[in-house]
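[1] heads up, no residue letters with this:
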């Protein structure tokens with residue numbers, strides 16, 4: 001069973017909330033009601049300070065969805081622009097949506113693989129690092145991290161910023177028993193996406209989460225969910241999804257405000273205050289030791305599209321492209337209006353010569369008989385001229401503006417090679433330039449995943465105090481089992497196991513492997529490719545291990561490593577099927593490491609005896625082969 005969380009429970013007595021003695025000090029000089037009022041006022045102040053940013057985010061979302069005739073009004077609302085004339089064209093030629101989709105398609109390739117670096121070069125730390133890497137991969141699969149990253153990237157590309165929230169889910173993992181007729185689970189990692197609308201820093205000039213002295217996470221929850229989690233009944237109401245907008249949510253909702261406070265001299269363990277309506281749901285210390293060196297920290301990771309200097313929130317490419325989209329819509333609609341005038345014509349009639357009401361209502365259909373007053377001139381079409389070339393020029397210029405602002409070229413957006421490019425080298429350079437424009441955003445995603453990986457290891461280190469079973473696929477595809485607990489995690493030094501995925505496409509990787517094969521760098525001293533290297537080449541080509549074929553050399557090495565661990569406890573006899581040269585090398589390598597220096601003379605004697613046995617069997621095999 002995992003160690004129980006230190007969260008302090010609150011009790012209800014005759015409708016009043018009372019706190020246990022060990023958390024009374026967290027009130028400071030305030031009463032419970034004063035604390036609730038102070039948190040609510042703090043939340044309202046942060047809302048007011050951030051209102052302009054929220055309006056911009058809402059405007060971005062409207063433009064992506066195609067509602068592009070709206071703007072931020074002086075009263076702080078998103079309002080639609082009305083037509084100045086009834087005949088005005090107001091069509092939307094949405095280029096922001098395909099730009100966003102193209103960027104997402106490119107960034108969807110950014111799924112970095114993480115590996116844990118060992119704390120020392122001893123075999124035990126190397127094994128612990130390998131186990132930690134497997135734990136990360138397992139946590140990624142359980143939480144479907146690929147889907148989470150994609151959802152988060154949609155938010156960051158639209159609004160400029162998104163957050164990941166990590167926590168420990170006591171109802172996660174395998175069921176280990178029952179208590180009070182209720183199932184008890186191991187507990188496991190939980191990762192959720194938090195939109196920027198829900199995060200409120202104390203200062204907008206704090207560049208990183210760690211720079212904030214306090215952080216508020218406000219989210220709408222149903223009253224039933226609040227009752228299940230905290231055991232407190234809260235009156236429901238309609239909640240505004242966005243600030244200063246009509247309420248859209250059901251009436252059984254309430255805003256839950258979580259204020260995280262950094263450890264300070266007054267509160268060395270920090271504070272976590274959770275309120276809803278006028279009820280205090282929770283008051284306690286920070287619980288998660290997910291900061292550097294396992295210190296208490298905020299359970300959030302930030303991901304941005306483009307960083308803004310001196311600002312907590314990032315900037316979206318959509319925000320920069322909105323003025324260009326407005327101008328493009330205006331140009332296209334003016335062109336259509338002009339073409340309508342040319343096609344339909346503009347009639348000039350003398351006053352009183354014809355029934356203008358009938359002419360206005362019916363127009364001039366084919367075969368229409370036009371009756372005009374005797375002695376007057378018949379209606380004539382006015383010369384509307386030709387479509388101005390400036391409109392076509394401006395349309396082309398705006399299309400180039402989209403490319404320069406968004407970093408999405410014709411190749412990425414239209415899957416079409418520009419007519420000015422005729423060579424393969426030029427095409428490759430253009431593709432690399434496109435990837436370079438996106439590399440900064442891709443790097444922000446990679447850094448966010450790296451921070452998530454570190455927090456996952458720290459959470460396992462904090463909460464997994466009992467031995468657990470981990471099942472993972474080995475290098476040759478077979479199922480391997482590991483028993484582990486918190487002490488087996490000796491390092492949270494996480495590094496990227498892959499390069500930036502934007503720079504290395506599958507085709508580039510295959511060409512690189514073929515180039516290595518041509519140069520002979522993958523061959524041994526005899527110029528031949530070993531079976532072990534052959535299987536590695538297949539893996540690098542993305543073909544995996546065919547038909548579950550096992551590399552016999554790697555199996556012998558793995559068996560020798562298991563013998564090393566067994567020889568520390570007992571004697572082990574070599575097998576006749578062993579590759580004795582490989583086994584001897586692995587045993588000697590283990591004896592030369594720093595970890596073996598602490599071994600007793602008895603263990604050293606056991607290893608030397610085992611090595612001699614390998615040599616004797618190898619000698620007998622050689623003599624038989626000679627005969």
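    The structure has been received and is ready for your questions. Remember, predicted model here, so these are calculated numbers, not experimental data.

[2] Just the terminal-to-terminal distance for stretch 183-198.
    32 Å (Cα to Cα, to the nearest Å).

[3] Show me the shaky parts of this protein.
    1-18, 241-249, 409-434, 473-479, 499-507, 531-532, 542-551, 627 (pLDDT under 70).

[4] domains for it, by residue range?
    Following automatic domain parsing, one finds the domains of the chain at 348-381, 550-627.

[5] possible to save those domains as TSV with mean neighbour count and distance to residue 230?
    (C-beta placed from N, C-alpha, C; glycine too.) Conversion of the domains of the chain to TSV gives the following (neighbours: other Cβ atoms under 10 Å; distance: least, Cβ to Cβ, whole Å):
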stretch	mean neighbour count	distance to residue 230
domain 348-381	11	67
domain 550-627	14	47
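
[6] So which of the ones you listed is nearest residue 70?
    Nearest to residue 70, of all these, is domain 348-381, at 31.8 Å by Cβ to Cβ.

[7] on that earlier part again, among the domains of the chain, which is nearest residue 328?
    domain 348-381 (30.4 Å).

[8] Quick one: distance of the closest one to the chain centre.
    65 Å (Cα atoms, centre = their mean, to the nearest Å).

[9] hmm, back to that, between the domains of the chain, which one is nearest to residue 455?
    domain 550-627 (29.0 Å).

[10] Where is the longest helix in this structure?
    Identified as the longest helix of the chain according to DSSP state H is helix 424-463.

[11] residues of it that come out buried?
    Within helix 424-463, the residues that count as buried by 16 or more other Cβ atoms under 10 Å are 430, 434-435, 437-439, 441-442, 444-463.

[12] how much distance is there from that helix to the middle of the chain?
    Relative to the centre of its chain, helix 424-463 is centred 10 Å away, using Cα atoms, centre = their mean.

[13] do the same with stretch 75-86
    36 Å.

[14] what's it in contact with?
    Stretch 75-86 is contacted from outside by 51, 55, 58-59, 62, 67, 69-73, 90, 244-245, using Cβ atoms under 8 Å, 6 or more residues apart in numbering.

[15] Could you check which helix or strand contains residue 323?
    helix 317-344 (DSSP states H and E).

[16] for that helix, packing partners?
    helix 51-65, helix 96-107, helix 145-159, helix 389-406 (3 or more Cβ pairs under 8 Å, 6 or more residues apart in numbering; DSSP states H and E).

[17] And those: which comes nearest residue 309?
    Per Cβ to Cβ, nearest to residue 309 of these: helix 51-65, 15.4 Å.

[18] Report the inter-axis angle for that closest one versus helix 145-159.
    110 degrees (axes from the mean of the first three to the mean of the last three Cα atoms, to 10 degrees).

[19] List the strands paired with the next helix or strand after helix 51-65, with their directions.
    Of the helices and strands lying after helix 51-65 in sequence (DSSP H and E), the nearest is strand 70-72. On the basis of DSSP bridges, the sheet neighbours of strand 70-72 come out as strand 78-80 (antiparallel).

[20] residues of the partner strand that come out buried?
    Buried, per 16+ other Cβ under 10 Å, within strand 78-80: residue 78.

[21] what do you get for stretch 46-54?
    46, 50, 53, 54.

[22] And it, how far out from the chain middle?
    24 Å.

[23] Would you mind measuring the gap between the ends of that stretch?
    End-to-end distance of stretch 46-54 (Cα to Cα): 12 Å.

[24] I figured residue 158 was touching residue 63, is that so?
    No: contact criterion Cβ atoms under 8 Å: residue 158 and residue 63 do not qualify, at 9.4 Å.

[25] which residues are in contact with both of these two?
    Going by Cβ under 8 Å, 6+ apart, residues that sit against residue 158 and also against residue 63 are residue 318.

[26] if we can go back for a sec, the contacts of stretch 75-86: which two are farthest apart?
    Once Cβ to Cβ is applied, the contacts of stretch 75-86 give 51 and 90 as the farthest pair, at 28.1 Å.

[27] Find the helix or strand that residue 91 is a member of.
    Following DSSP H and E, there is no helix or strand that holds residue 91.

[28] What backbone torsions are found at it?
    phi -80, psi 160 (degrees, to the nearest 10).

[29] roughly how far apart are it and residue 64?
    17 Å (Cβ to Cβ, to the nearest Å).

[30] The two: who's more crowded?
    Taking neighbours as other Cβ atoms under 10 Å, residue 91 and residue 64 compare with residue 64 leading, 22 against 11.

[31] Might one say that the more buried one is in contact with residue 100?
    Yes: if you go by Cβ under 8 Å, residue 64 and residue 100 touch, sitting 5.8 Å apart.

[32] which residues sit in contact with the nearest residue to residue 322 once chain neighbours are set aside?
    In this structure, residue 322 finds its nearest non-sequential neighbour in residue 63, 5.6 Å apart by Cβ to Cβ, 6 or more residues apart in numbering. Residue 63 makes contacts with 94, 96, 318, 322, 325, as judged by Cβ under 8 Å, 6+ apart.

[33] Let me see the contact set for the closest residue to residue 151 other than its chain neighbours.
    Nearest residue to residue 151 in three dimensions, chain neighbours excluded: residue 193, at 5.0 Å (Cβ to Cβ, 6+ apart). Contact analysis of residue 193 by Cβ under 8 Å, 6+ apart lists 148, 151, 152, 155, 162, 163, 164, 165.

[34] Let's verify the residue sitting furthest away from the middle of the chain: helix, strand, or coil?
    Farthest-out residue of the chain from its mean C-alpha position, per Cα atoms, centre = their mean: residue 375, at 78.0 Å. Secondary structure, DSSP: H, G, I helix; E, B strand; the rest coil: residue 375 is coil.

[35] Quickly note the distance from it to residue 622.
    Taken as Cβ to Cβ, the span from residue 375 to residue 622 is 127 Å.

[36] Next: residue 266.
    76 Å.

[37] what do you get for residue 113?
    From residue 113 to residue 622 the distance is 43 Å (Cβ to Cβ).

[38] again, but for residue 93
    80 Å.

[39] just residue 252 next, same as before
    For residue 252, the distance to residue 622 - Cβ to Cβ - is 82 Å.

[40] which residues touch stretch 315-329?
    Applying Cβ under 8 Å, 6+ apart, the external contacts of stretch 315-329 come out as 56, 59-60, 63-64, 68-69, 91-96, 99-100, 103, 156-160, 304-308, 394-395, 398-399, 401-402, 405-407.

[41] Write the ChimeraX selection for whichever of those are buried.
    Typed into ChimeraX, the line below selects the buried ones among the contacts of stretch 315-329, using 16+ other Cβ under 10 Å:
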select :56,59,60,63,64,68,69,92,94,95,96,99,100,103,156,157,158,159,160,304,305,306,307,394,398,401,402,405,406,407
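
[42] Please name the nearest non-neighbouring residue to residue 33.
    residue 278 (7.9 Å).

[43] Pretty sure the one you found sits against residue 36.
    Yes: using Cβ under 8 Å as the test, residue 278 is close enough to residue 36 to be in contact (6.0 Å).

[44] Comparing the two, which shows the higher neighbour count?
    residue 36 (20 against 11).
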